[in-house]
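1. here is my input; please provide its structure:
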Amino acid sequence: MVEPRGGRRRRQPGPCGRSSCAWCLQGAHKSVHGRPCTSRRADGELKWLRTPRAAAWCISPVTEDSSSTPKTVCRKAKSLKIAQESGGHLEAPPITECDRMQSVMRLSDLSTDDDDPTCCKINKYEKKIDSLMNMVGTLKKEVKIQQMEEQEEITKRLLEEQKEELNEMTQELVETENENTRLRRNIERIKEEKDLTVLQKECLQQEKECLMTKLSEAERDGAAAARQIHALRNTIGRLNIEKHMSSTDINALTRQKELLLQKLSTFEETNRTLRELLAEHQSREKDAQKVMDRQATLLKRLADLDAENMQLQIRLQGKEKEVETLTLQIVAEKEQAKKAFELARSLESVKAHLQAQLRSREAENDRLLAQLQNMEISENHTKEEMDLLLEQLQDLRCKAESDKEALKKAVRAQKERAERSEEYVQRLTAQLAEKETAVAEAQCNLEGWRNRCSKAMKEKDDLELEVVTLNSRVADLTEQLARIQEQTRDENEALVDKLQQLTGENSALKKDNEKLKAALISMEDKLNQAQMELQHLQNSVRSYEGLIETYTAQAQMARKEADELAARLEKCEKENEMLKEEMNREIEETREKFQSQLAELEKLPEILKYTETQLAECHQQLMCYEKKNTDLCGMIADLRQLIDLQGDKMEMTRERYQSAQEEKKQLTLKVEELERKLESTSAQNIEFLQVIAKREESIHQCQLRLEEKSRECSSLARQLEMAIEDAKRQVEQARERAVSRERAAQSKVLDLETQLSRNKTELNQLHRSKDDAERRYESRLQDLRDRLEQSESTNRSMQNYVQFLKSSYDNVFRECPFLSSSLSPTRSLL
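-> Just a heads-up that it's a prediction; the model follows:
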């Protein structure tokens with residue numbers, strides 16, 4: 001409807017500077033014309049749309065759920081403001097104060113009674129807006145396509161790099177396989193050389209035998225030469241004494257000289273041959289040592305190459321897993337691209353619907369105002385109902401506390417009864433232990449007597465020739481002892497059976513106690529269930545309060561979402577910086593660790609080479625992962641542009657961060673494995689050194705033992721001579737001792753008889769005490785059974801009481817009429 005001009009002039013100006021503004025007079029909208037309202041659109045935020053009359057179309061906040069689609073966004077808008085503004089741009093910053101004071105287009109200006117030129121201008125600008133929206137949609141499509149193409153190129157590059165790495169790994173595997181074949185051939189050669197060394201050992205044994213024979217010959221020659229020299233000395237001394245030589249003496253001297261010369265020549269020849277043989281033997285031993293050193297080095301190289309092969313296989317498996325993950329990522333990105341195209345199509349359809357539904361939103365705004373008033377009324381009703389519910393909850397809490405106190409008292413009484421029964425069982429077990437100790441002492445005494453009897457038998461066997469009469473008496477005593485032992489065994493077996501019965505009854509009592517404990521636990525569970533029901537009631541009350549707060553807070557959620565997106569972007573940037581810093585720290589820590597290990601392992605060049613190669617590989621891997629991190633940073637920078645359009649892509653970035661963290665964890669695990677291997681190698685070296693030292697000590701000890709045994713043999717020879725003399729003396733003394741032993745044996749027999757009588761009396765006393773204990777135990781068992789029946793009856797009464805409480809609670813909550821009345825407005829609101 002069009003208002004008259006006189007009515008327009010009489011009205012007071014609104015906050016926007018114009019009189020009779022339909023938008024300023026509404027109480028629900030507090031924003032002044034010219035300021036942008038925070039509202040949600042299908043692809044982000046609905047922004048300013050400028051029109052030629054210095055007015056703006058401002059869309060009020062829209063309550064939108066997280067699960068809403070672009071087609072349903074238009075249905076959820078609450079209010080719409082139409083104003084005019086100079087210019088034909090799609091988006092514009094907030095308007096200044098001078099623009100606020102300008103005239104604003106009213107609802108009456110959009111009516112059918114306006115002039116024709118204004119309608120034409122409006123139609124033209126609507127067409128311009130449609131064309132601009134289409135241009136924006138095409139630009140967005142092109143940007144999305146370019147981003148998808150860049151992502152595909154990045155993924156292709158990553159795949160190519162990984163393929164190159166795989167090829168390098170395969171080449172390394174081929175090289176390692178070739179080295180393995182070479183080493184296997186070397187091992188086969190070593191085996192052949194071992195076979196040759198066996199033959200060489202046989203040859204060495206033969207040479208040793210030859211050396212021993214030559215040495216014996218040289219000793220013989222030396223002894224003969226010494227004899228000849230001694231004979232010459234004798235003859236020379238005799239000639240000095242006689243002082244005149246005969247022809248026989250001259251001939252003897254000449255013969256002795258010739259013999260000496262011959263034996264000296266033979267001695268020199270044997271010495272020469274011995275030296276030659278010793279030199280050959282030393283050279284062969286040196287060659288054998290060189291061969292053994294070569295074998296050790298080859299075995300070390302084999303172990304190192306096996307370790308390298310295992311590492312290469314592990315790396316290949318890791319690379320294959322990375323390729324699989326990349327392929328899955330490519331598939332996911334393709335699916336996302338399809339989803340993006342579908343979203344673009346849906347956005348185009350939404351644009352057409354938005355332009356058609358702008359005019360129908362005014363009626364919906366009125367409806368929403370009426371609904372808000374109804375909501376306020378329903379809120380007042382719900383507050384009253386909440387007060388009633390709180391009062392009822394307080395009553396229920398008081399009742400529950402009284403019930404809890406009664407249950408706690410019953411539980412305490414049952415616990416005290418159980419503790420008393422446990423103490424009684426402990427006393428019985430202590431008595432049983434005392435009896436067992438007494439039986440064990442009796443058995444020890446019997447074993448002592450057995451040992452003494454066995455010693456007596458041995459002594460009697462030694463003196464059978466001289467003491468025949470004592471053998472008959474001892475045999476009788478042994479038969480009596482056997483009978484007594486059999487009797488004691490039967491009694492012990494009976495005692496053991498009774499003890500087993502007592503232990504079984506104890507186990508039954510323990511089971512009954514466990515059942516009581518289980519019943520107590522069930523009662524406690526029931527109490528917990530009652531508490532949980534009370535908590536559910538409290539939670540329901542809180543949920544009603546939360547519903548009231550959510551209805552009031554939904555108007556502010558739209559404003560906060562933009563701030564949350566900005567905060568998320570800042571968090572992503574901070575997380576990227578933290579990841580970079582952590583990577584640098586880990587790289588520095590690994591470098592310091594490897595440098596310290598290299599300083600410690602300067603004495604082992606082969607291990608150093610192996611660790612250097614591993615360090616180089618780790619550095620290469622770290623560089624690769626740094627490149628990957630840079631690529632991920634680039635991907636994150638690209639994704640920042642897509643966050644305004646699609647908030648779902650934040651999950652993909654988080655997954656990539658998680659993969660990077662997993663890769664870091666794998667790197668740390670690899671470094672820890674390397675450290676463990678180095679520690680194991682050092683430990684093995686230490687163990688080998690310890691084994692060598694132990695062997696040297698064992699050899700030294702064996703030598704000492706040989707010396708001791710030789711000394712012992714000499715001492716034993718002396719002792720044998722002494723023992724023969726002592727034996728003669730002992731034979732004479734044994735005859736004297738035999739008479740004294742006969743007397744001692746008779747006294748021992750009397751002592752044994754007395755001890756047997758004492759043992760019989762003690763056994764009778766034990767039987768009596770055992771019977772008394774059994775009677776007491778049976779009486780106490782009956783008492784415990786009566787107590788258990790009483791506890792079961794109390795448990796049943798408690799269960800009935802709990803069931804009564806449950807039924808009363810159910811009846812109370814069913815009889816509450818206001819719950820149904822409180823649920824009806826909430827359902828209408830939902």
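
2. is it fair to say Val812 lies in a helix?
-> Yes. Secondary structure of Val812, determined by DSSP: H, G, I helix; E, B strand; the rest coil: located in a helix.

3. what about it, distance to Gln392?
-> When C-beta to C-beta, to the nearest Å is applied, the distance between Val812 and Gln392 equals 8 Å. In this view, the C-beta of every residue, glycine as well, is placed from N, C-alpha and C.

4. more neighbours: these two, which one.
-> Neighbour totals were compared for Val812 and Gln392, and Gln392 leads with 16 against 12 (other C-beta atoms under 10 Å).

5. for that one, give me the pLDDT.
-> Predicted confidence (pLDDT) at Gln392: the value is 73.

6. now it: which helix or strand?
-> Taking DSSP states H and E as the definition, Gln392 sits inside helix 361-462.

7. and Ser791, how many residues sit next to it?
-> Counted by other C-beta under 10 Å, the residues lying close to Ser791 total 21.

8. what's the distance between it and Glu160?
-> Distance of Ser791 to Glu160, computed by C-beta to C-beta: 79 Å.

9. got the domain boundaries for the protein?
-> Taking automatic domain parsing as the domain assignment, the ranges for the chain are 5-114, 146-313, 362-704+741-829.

10. mean confidence for the shortest one?
-> It stands for domain 5-114. Mean pLDDT, computed over domain 5-114, is 42.

11. what of stretch 342-351?
-> What stretch 342-351 shows for mean pLDDT is 72.

12. check stretch 504-515 too.
-> Taken as a whole, stretch 504-515 has an average pLDDT of 70.

13. repeat for stretch 811-821
-> Stretch 811-821 shows a mean pLDDT of 60 in the predicted model.

14. got it, and stretch 320-338?
-> Over the span of stretch 320-338, the pLDDT mean works out to 78.

15. buried residues in that stretch?
-> Counting neighbours by 16 or more other C-beta atoms under 10 Å, one finds that the buried residues in stretch 320-338 are 322-323, 329-330, 333, 336-337.

16. which residues are common contacts for Val812 and Gln392?
-> A shared contact of Val812 and Gln392, defined by C-beta atoms under 8 Å, 6 or more residues apart in numbering, is any residue touching both; here there are none.

17. which element is Glu320 on?
-> helix 247-357.

18. report all helices and strands that that helix contacts.
-> Taking 3 or more C-beta pairs under 8 Å, 6 or more residues apart in numbering; DSSP states H and E as contact, the helices and strands that helix 247-357 lies on are helix 116-242, helix 605-643, helix 649-815.

19. recalculate using a threshold of 7 Å.
-> When contacts are defined as 3 or more C-beta pairs under 7 Å, 6 or more residues apart in numbering; DSSP states H and E, helix 247-357 packs onto helix 116-242.

20. got the contact list for Arg489?
-> Residues in contact with Arg489, defined by C-beta atoms under 7 Å, 6 or more residues apart in numbering, are absent; none qualify.

21. what about Lys670, how many neighbours?
-> The burial count assigned to Lys670 is 19, neighbours taken as other C-beta under 10 Å.

22. meant to ask about Asp304, not that
-> Every residue meeting other C-beta under 10 Å relative to Asp304 is counted, giving 16.

23. how far away is the residue nearest to it when sequence neighbours are not counted from Glu308?
-> On the basis of C-beta to C-beta, 6 or more residues apart in numbering, the spatially nearest residue to Asp304 that is not a chain neighbour turns out to be Tyr610, at 5.7 Å. Tyr610 sits 8 Å away from Glu308 when distances are taken as C-beta to C-beta.

24. now swap in Glu582 and tell me
-> For Glu582, the distance to Glu308 (C-beta to C-beta) stands at 29 Å.

25. more neighbours: which of these two?
-> For Glu582 and Glu308, the more surrounded residue by other C-beta under 10 Å is Glu308, and the numbers stand at 18 against 12.

26. do you know how far the more buried one is from Val174?
-> Spatial separation of Glu308 from Val174 under the definition C-beta to C-beta is 13 Å.

27. got it, and Glu276?
-> Separation of Glu276 from Val174 (C-beta to C-beta) stands at 52 Å.

28. quick revisit: any idea how far Gln313 is from the residue nearest to Asp304?
-> Taken as C-beta to C-beta, the spacing of Tyr610 relative to Gln313 amounts to 17 Å.

29. between those two, which is the more surrounded one?
-> Set side by side, Tyr610 and Gln313 give different neighbour counts by other C-beta under 10 Å, the larger being at Tyr610 (20 against 13).
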